[in-house]
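S.K.: sequence and predicted structure below; questions after.
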Amino acid sequence: MRERIIVAGAGIIGSVIVKELLAARPGAEIIAIDRDLAGSGATRRSAGLHFAAGRTDRTRAMAATSERYYQALAADDPRLPIYPVALDAVAFGAAAESARSRFVNAGPIETSPIRAKAARGQPQGASVWSVPACHYSDVGALTDFLVRDFRPAISMLEGVTIARIEEEEGVAAAVLSTGETVRADRLVLAPGPWVNAAAWRAMVAPLGVRVKKIVAFHLNAPVDEGDAAVLFPEEDAFLLPLQHRGHWLFSYTCLDWDVDPDAPPPGVTRQNLDEAQAVLRRYAPDLADRLRSGRVFCDAYSPSREPIVAKIGGSGRIIFAGAANGSGYRLAPAIAAEALSLLDD
C-alpha cells in the first residue's frame, strides 16, 4: 500500500515541504490542505528578505542551508521571483561586533557609506558591514509557482479547514470541514500563524508558541537599480528596495502579542507609525516622515526564537513544522529538511 502523508498548511513552509516530499518519496500519496488559497496569509504579505544570519548556531546553519536551496532553485528556473540584492548591516558602538557575529561570512566592519541611496550615507557613529549572497522574493508569487508545478502530482484541497486531528491506531486522521475524514500514515502540520487553531491546540500547547502582530511600512522613495537593502540588527528592522513593486519597505519589530489571525488587529495604527518612525529616525531621519501605509499580518514565535520541528501528540505520526519567528521564508527549506528527517525517524 502506498504511503500517505498529509501536509496541513500550504504557505511557503508547507509548500516547500510538499515539493521536497515529492522528490524524496516519489511513490507516496501526498494530500495538501489549506484553509484558504495556497500561499495566502503570512506568506502573501511576507517581505521575503533572505540573508544568512541567526542568533544561534542552529539558526545560522539553517539560514545557510536555505540560502543554498534558493540559489539552486533560481538557477534551475530563472522565471522565479527571486531577486538578488546587496545588503549592508548597520549597528552602533560596541553592539556592532556582537551583531556581526550572527552573520555567516559577513564582510569586515567598515566606515564606508551605506549603499542605499534612499538612506543617504551612514548614520553618525555607526559601523557598517556587507552581507553576501542575499536576495528577496515575492513569496506569495513564488509559492504560486511551487504549487502550480506540484499540483498535478498531489491532492490539493484549498479552502478546506481541518475541524480536528485524531490519532487512531496506525494512522493520523484529519476531520475536514466538508465532513470527510482523511487518514494518513503521517501528518505534517505547517499552520503558520494559525498555530493555536482549535483542531490541534491541545497537541501544540506544550510547545509554548505565541502569535505576534507584524507591521511592514511602504516607503515611497525612489528605488534605483543596484540599491542595497539595509539591515539594523540591533532593532530587528530593515529597509528593502522592492524593485518589482517600485517602492521601499521598512519592517520593524512590533510588540503586539497574542493576536488572533482570524481576527487580526486593525491595519497600521498611530502607535505602529510612532514606533516605526522612532526606529528609522535613529538611522535615516530624512525617511521617517515618509512612512504612511503598509502591510499588517502576524506570525508564530517560539520561546527559544528558533523554529520548531518536532513530533507532537502521542502516536509519533504528527510533526509540527513552524514557529519560524517571522523568518518563515528565510528558513523554510531548512525547516522542510528537518521535517523530512523526522519522517524518516
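M.R.: Perfect, I can see it now.

S.K.: name the element Ala321 belongs to?
M.R.: According to DSSP states H and E, Ala321 maps onto strand 318-322.

S.K.: rounded mean pLDDT for that strand, please.
M.R.: Strand 318-322 carries an average pLDDT of 98.

S.K.: same thing with stretch 32-50?
M.R.: 95.

S.K.: can you check stretch 54-66 too?
M.R.: 95.

S.K.: could you pull out the helices for this structure?
M.R.: Assigned helices in the chain, in chain order: 12-24, 42-45, 57-76, 95-100, 139-150, 201-204, 270-283, 285-288, 328-343 (criterion: DSSP state H).

S.K.: need those helices in a markdown table with mean neighbour count and distance to Asp262, can you?
M.R.: For glycine as for every other residue, the C-beta is placed from the backbone atoms N, C-alpha and C. Below are those laid out as a markdown table (neighbours: other Cβ atoms under 10 Å; distance: least, Cβ to Cβ, whole Å):
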| stretch | mean neighbour count | distance to Asp262 |
| --- | --- | --- |
| helix 12-24 | 24 | 18 |
| helix 42-45 | 22 | 13 |
| helix 57-76 | 17 | 29 |
| helix 95-100 | 16 | 36 |
| helix 139-150 | 20 | 19 |
| helix 201-204 | 16 | 13 |
| helix 270-283 | 17 | 20 |
| helix 285-288 | 16 | 33 |
| helix 328-343 | 24 | 18 |
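
S.K.: how about these in a markdown table, adding distance to Leu219?
M.R.: As requested, the helices of the chain are arranged in a markdown table below (distance: least, Cβ to Cβ, whole Å):
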| stretch | distance to Leu219 |
| --- | --- |
| helix 12-24 | 24 |
| helix 42-45 | 16 |
| helix 57-76 | 25 |
| helix 95-100 | 23 |
| helix 139-150 | 19 |
| helix 201-204 | 36 |
| helix 270-283 | 9 |
| helix 285-288 | 6 |
| helix 328-343 | 20 |
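
S.K.: where among these is the average confidence lowest?
M.R.: The bottom spot among the helices of the chain, by mean pLDDT, belongs to helix 95-100, with a mean of 84.

S.K.: run the chain-centre distance for that helix.
M.R.: Centroid displacement of helix 95-100 relative to its chain, using Cα atoms, centre = their mean, to the nearest Å, is 24 Å.

S.K.: same question, stretch 93-103
M.R.: How far stretch 93-103 lies from its chain's middle: 23 Å, per Cα atoms, centre = their mean.

S.K.: distance between the ends of stretch 50-60?
M.R.: Terminal residues of stretch 50-60 are spaced 12 Å apart (Cα to Cα, to the nearest Å).

S.K.: and for it, what's in contact with it?
M.R.: 61-64, 66-67, 70, 87, 102-106, 131-137, 231, 233, 304-307, 327, 329-331 (Cβ atoms under 8 Å, 6 or more residues apart in numbering).

S.K.: residues near the nearest residue to Ser155 once chain neighbours are set aside, how many?
M.R.: Spatial nearest neighbour of Ser155, excluding adjacent residues (Cβ to Cβ, 6 or more residues apart in numbering): Ile31 at 4.4 Å. Neighbour count of Ile31, defined by other Cβ atoms under 10 Å: 18.

S.K.: check contacts around Ile31.
M.R.: For Ile31, the contacting residues are Arg4, Ile5, Ile6, Val7, Ile154, Ser155, Leu157, Val182, Ala184, by Cβ under 8 Å, 6+ apart.

S.K.: how about Arg330?
M.R.: Contacts of Arg330 (Cβ under 8 Å, 6+ apart): Leu49, His50, Phe51, Ala63, Ser66, Ala324.

S.K.: where do the strands sit along the stretch 151-300 of the chain?
M.R.: For the stretch 151-300 of the chain, the strands defined by DSSP state E, counting those that start in this stretch occupy 155-158, 162-168, 171-176, 181-184, 186-189, 210-219, 229-232, 237-242, 247-252, 291-301.

S.K.: Ala199: which of these is closest?
M.R.: Of all the strands of the stretch 151-300 of the chain, it is strand 162-168 that lies closest to Ala199, at 4.6 Å by Cβ to Cβ.

S.K.: who are the packing partners of that closest one?
M.R.: Packing contacts for strand 162-168, counted by 3 or more Cβ pairs under 8 Å, 6 or more residues apart in numbering; DSSP states H and E, involve strand 171-176.

S.K.: distance between the strand it packs on and the chain's centre?
M.R.: 27 Å.

S.K.: and it, what's buried?
M.R.: For strand 171-176, the neighbour count (16 or more other Cβ atoms under 10 Å) marks Val171, Ala172, Ala173, Ala174, Leu176 as buried.

S.K.: nearest to Leu207, of the contacts of Ile31?
M.R.: Val7 (18.4 Å).

S.K.: let me have the strands of the stretch 151-300 of the chain in CSV, extended by distance to Gly93 and mean pLDDT.
M.R.: Output for the strands of the stretch 151-300 of the chain, formatted as CSV (distance: least, Cβ to Cβ, whole Å; pLDDT from 0 to 100):
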stretch, distance to Gly93, mean pLDDT
strand 155-158, 50, 98
strand 162-168, 49, 96
strand 171-176, 52, 97
strand 181-184, 53, 98
strand 186-189, 43, 98
strand 210-219, 26, 96
strand 229-232, 14, 92
strand 237-242, 17, 95
strand 247-252, 20, 96
strand 291-301, 26, 95
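
S.K.: quick one: which of the ones you listed is nearest Gly314?
M.R.: strand 162-168 (6.1 Å).
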